[in-house]
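Enquirer: mind looking at a prediction? Sequence and model below.
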Amino acid sequence: MTGRPAAGGGRWVSVAPERLAGWIERFAARHGPIEAVTLPDVVRLDAADGAVAECHVPFPPLRPSSVAQPGLAPPGLPAPAAALVAHACRERTVGVLLARLGGHAAGVFTGTRLVAAKAGSRQVHGRSAAGGWSQQRFARRRDKQSAEALRAAADVAFRLLTPRLDGMEALVLGGDRRAIDEIREDRRLAPLFALEAGPFLTVPDPRPAVLEGAPDLFRAVRIRLLDP
């Protein structure tokens, strides 16, 4: 679990799905009995002492029927909280596309298990401080390298992810937003980007190890915690 300040007050924490039920129980133990209410894409927990936990639903919408699956949520939680736990813990197939200039990685996860993956890199020179004609030539070369790198990333996404669209529930994106936005312009990938779901993963160069760690980020339940 991690924490950071939230705009407008409070702080953000991220909780793994498997730890969410225990986190809610400890929240109630610290702050008193809780009432839970389902809002659009949020389950709000109001504690007796005035503390509030706004639990953002991963891969919305939240369907109350989630709690009907046995074993996904412990007894004793308020119904909206139990539904959230069951929804967050449910195994789903998710595509991931990470891209930065010079590097990309795509993968398909079933739960936390990586079932298909491809990563690659292309050389893209940094910016030049030189001036005049040399700088212009360098800029043209860099633009060409950037275009080739992003085209390679789009090709990997098309070959690896689009054949698995039928069983995929969501697409999670990450890396550099500008790079992803350029890849988004590839018309072949329109059906894939139609499954886009947050959060956007701010990750370093998309190496295989970074891709393998993506479920820790996209499966976590983001909670805005407001102390009394």
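Expert: That came through, no problem. Numbering: from 1, shown residues only.
Enquirer: the chain: strands as residue ranges?
Expert: Assigned by DSSP state E, the strands in the chain fall at 2-5, 11-15, 34-39, 42-47, 52-56, 93-100, 103-110, 113-121, 170-175, 196-201, 221-226.
Enquirer: tell me how many other residues crowd Val37.
Expert: For Val37, the number of neighbouring residues by other C-beta atoms under 10 Å comes to 12. C-betas here are computed from N, CA, C, even on glycine.
Enquirer: now tell me what touches the lowest-mean-pLDDT helix or strand in the chain from outside.
Expert: Least confident helix or strand of the chain, by mean pLDDT, DSSP states H and E, is strand 2-5 with a mean of 72. Residues from elsewhere that reach strand 2-5 (C-beta atoms under 8 Å, 6 or more residues apart in numbering): 11-14, 225.
Enquirer: what does stretch 26-38 give?
Expert: So stretch 26-38 is contacted by 24, 43-51, 53, 62, 64, 77-81, 83, 228 (C-beta under 8 Å, 6+ apart).
Enquirer: which among the residues you listed end up buried?
Expert: Neighbour-count burial (16 or more other C-beta atoms under 10 Å) applied to those gives 24, 43-47, 51, 53, 62, 77-78, 80-81, 83.
Enquirer: with those in mind, which one is nearest to Ala106?
Expert: The nearest member of those to Ala106, counting by C-beta to C-beta, is Leu62 at 27.8 Å.
Enquirer: ok, the closest one touching Ala82?
Expert: No - applying C-beta atoms under 8 Å as the test, Leu62 and Ala82 come out as separate, 11.1 Å apart.
Enquirer: Arg159: what's it in contact with?
Expert: Listed by C-beta under 8 Å, 6+ apart, the contact partners of Arg159 are Lys118.
Enquirer: so how far is Asp49 from it?
Expert: 54 Å (C-beta to C-beta, to the nearest Å).
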